[in-house]
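**Student:** coords please:
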Amino acid sequence: MTAGTPLVLPFRGERYARPSLDAVLAPPYDVISPEARKVLAARDPHNIVHLILPEAPVTEEKYADAARRLAAWRADGTLARDSAPAVYVVAQDYALPSGERRTRVGMLAAVSAESYDTRRIRPHERTHSGPKADRLALLRETRTGLESIFLLAPDPDSGLTRALLEVTGTPSAAQGTLDGVLHRLWVVTGAAADRLAGRASEGALYIADGHHRYETAVAYAKENPAADRVMAFIVSAHDPGLVVLPTHRVIYGAGRDVSHLIEQWRLWFEVTPSGLVADPVAHLARAGASRPACFVALPGDGLTLVLRANAPLDDVPGLGQNPALRSLDVAVIEPLVVKQILGAGTSTPTLTYTPDAQTALNAVRKGHAAAAVLLNPTKVAQVLAVADAGAVMPQKSTYFVPKVPAGLVLKP
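**Tutor:** Okay, the predicted model is just below:
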């Protein structure tokens with residue numbers, strides 16, 4: 001597909017022929033554990049998990065099994081294709097870990113599956129071949145987009161935000177609750193759909209989640225030139241419900257003595273003994289308001305590290321001279337703090353991740369973990385800046401909530 005074609009278009013989606021989607025929605029395939037898959041599969045024989053994570057005694061047969069199920073659901077009326085091209089507005093009502101409630105509004109549309117070289121779609125992660133091979137095999141058999149990717153639109157004048165919110169003032173066509181998140185869906189056709197697609201096409205789009213799925217769609221489009229569109233959930237970067245949670249690091253392993261690291265850290269950071277502050281999250285937000293920072297929770301103690309204004313970062317692995325990367329808390333903290341703690345003991349360490357600060361802190365306070373490194377969340381503007389610079393973020397840099405579920409709309 002050439003760069004001159006519209007970036008975003010309406011499409012004729014395929015949907016469950018029922019107004020309540022509670023029993024058929026599922027999280028994205030890559031966050032579903034084997035145990036969660038069993039629960040979802042038992043919830044309804046038509047739950048979308050049967051398609052996105054098919055099971056069969058022989059691995060190669062599972063993709064064909066998904067295709068057979070999909071054909072059967074079409075034949076028996078479980079799924080029905082809309083008669084006209086549309087964009088599908090989705091509102092997600094959810095609660096943050098703090099208890100605060102938010103609503104994120106976006107739209108499902110057909111986005112050009114094209115090389116990153118055009119710079120119309122911009123990534124911020126490096127992908128791995130394994131997941132792409134799996135998704136490509138499934139796509140070849142089903143010939144259907146079963147899940148969407150998640151894109152951010154810069155939307156500098158918030159025009160897309162306002163237009164989407166207008167749609168949510170009308171009765172929805174379907175809704176479903178998954179993991180405490182209420183998803184409401186509206187079908188927008190005709191000139192109104194064209195206007196929404198046009199607004200989303202006004203600038204480059206940025207991948208928030210779904211790098212593997214996007215690259216799979218591009219590979220499939222090379223095999224099948226007519227399949228040159230991928231289903232994407234597009235959200236304005238200025239949507240008030242758009243939230244990125246931090247991904248805190250929890251380090252397990254006996255004998256982690258970090259006391260000898262403190263003097264080394266002072267080369268790069270202002271190190272302040274912070275004890276067991278009442279609210280480490282709020283404390284860290286204040287401390288790191290203008291510079292990369294972290295809070296290191298230790299058994300019975302805590303340290304606040306704030307990057308020095310003149311810190312010698314030139315030789316820090318992975319940073320280079322890229323100002324977009326140097327502004328990322330995680331890009332600085334990962335090599336200078338997390339990896340140092342991992343190497344500060346004789347036992348083999350284990351590193352886990354959580355968006356919940358209380359979970360991380362409790363692991364240390366109860367003596368299960370050696371240390372926890374709390375981070376401030378990556379800002380949406382930072383994600384866009386890294387992608388604009390053509391750089392790659394460290395692993396586990398962003399955690400957009402809520403996830404975009406499978407089962408709202410399919411794209412044949």
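**Student:** could you pull out the helices for this structure?
**Tutor:** For the chain, the helices defined by DSSP state H cover 34-43, 49-52, 59-75, 129-142, 159-167, 190-200, 211-223, 262-265, 280-287, 323-326, 329-333, 339-342, 357-365, 380-388.
**Student:** buried deepest among these, which one?
**Tutor:** helix 329-333 (a mean of 25; mean count of other CB atoms under 10 Å). Glycine gets a C-beta too; all of them are placed from N, C-alpha and C.
**Student:** quick one: contacts of that one?
**Tutor:** Contacts of helix 329-333 with the rest of the structure, by CB atoms under 8 Å, 6 or more residues apart in numbering, involve 247, 268, 288, 292-294, 305, 307, 313, 316, 318-319, 325-326, 373, 375-376, 378, 393-394, 396-397.
**Student:** going through those residues, which ones are buried?
**Tutor:** Neighbour counting over those (16 or more other CB atoms under 10 Å) leaves 247, 268, 288, 292-294, 305, 307, 313, 316, 319, 325-326, 373, 375-376, 378, 393-394, 396-397 as the buried ones.
**Student:** in strands, which of those fall?
**Tutor:** Using DSSP state E, the subset of these located in strands is 293, 294, 305, 307, 373, 375.
**Student:** my guess is the first one meets residue 306, correct?
**Tutor:** Right, the one you point to is residue 293. Yes: using CB atoms under 8 Å, residue 293 is in contact with residue 306, at 4.4 Å.
**Student:** who touches both of those two?
**Tutor:** Common contacts of residue 293 and residue 306 (CB under 8 Å, 6+ apart): residue 287.
**Student:** still on that earlier bit, nearest to residue 109, out of the helices of the chain?
**Tutor:** Nearest of the helices of the chain to residue 109, taken as CB to CB: helix 190-200 at 5.6 Å.
**Student:** on that earlier part again, looking at the helices of the chain, which has the lowest confidence?
**Tutor:** Lowest mean pLDDT within these: helix 323-326, at a mean of 88.
**Student:** so what does it touch, helix or strand wise?
**Tutor:** If contacts are counted by 3 or more CB pairs under 8 Å, 6 or more residues apart in numbering; DSSP states H and E, helix 323-326 sits against helix 380-388.
**Student:** other SSEs contacting the helix it packs on?
**Tutor:** Contacts defined by 3+ CB pairs under 8 Å, 6+ apart place helix 380-388 against strand 121-122, strand 149-153, strand 205-209, helix 323-326.
**Student:** run the last query once more with 7 Å
**Tutor:** Where contact means 3 or more CB pairs under 7 Å, 6 or more residues apart in numbering; DSSP states H and E, helix 380-388 is packed against strand 205-209, helix 323-326.
**Student:** and these as CSV, adding distance to residue 145?
**Tutor:** As requested, the helices and strands packed on helix 380-388 are arranged in CSV below (distance: least, CB to CB, whole Å):
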stretch, distance to residue 145
strand 205-209, 15
helix 323-326, 31
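**Student:** ok, residue 297 - contacts?
**Tutor:** Applying CB atoms under 7 Å, 6 or more residues apart in numbering, we find residue 297 in contact with 280, 361, 364, 371, 372, 374.
**Student:** what's the farthest-apart pair in the residues you listed?
**Tutor:** Largest separation among the contacts of residue 297 by CB to CB: 280 and 371, giving 13.0 Å.
**Student:** next, the angle strand 205-209 makes with the longest strand seen in the chain.
**Tutor:** The strand spanning the most residues in the chain, taking DSSP E as the definition, is strand 101-112. Angle of strand 101-112 versus strand 205-209, following axes from the mean of the first three to the mean of the last three CA atoms, to 10 degrees, is 120 degrees.
**Student:** parallel or antiparallel, which strands does strand 101-112 pair with?
**Tutor:** strand 8-9 (antiparallel), strand 86-95 (antiparallel), strand 229-236 (antiparallel) (DSSP bridges).
**Student:** tell me which of the ones you listed is the most buried.
**Tutor:** When the strands paired with strand 101-112 are scored by mean count of other CB under 10 Å, the highest mean neighbour count falls to strand 229-236 (a mean of 27).
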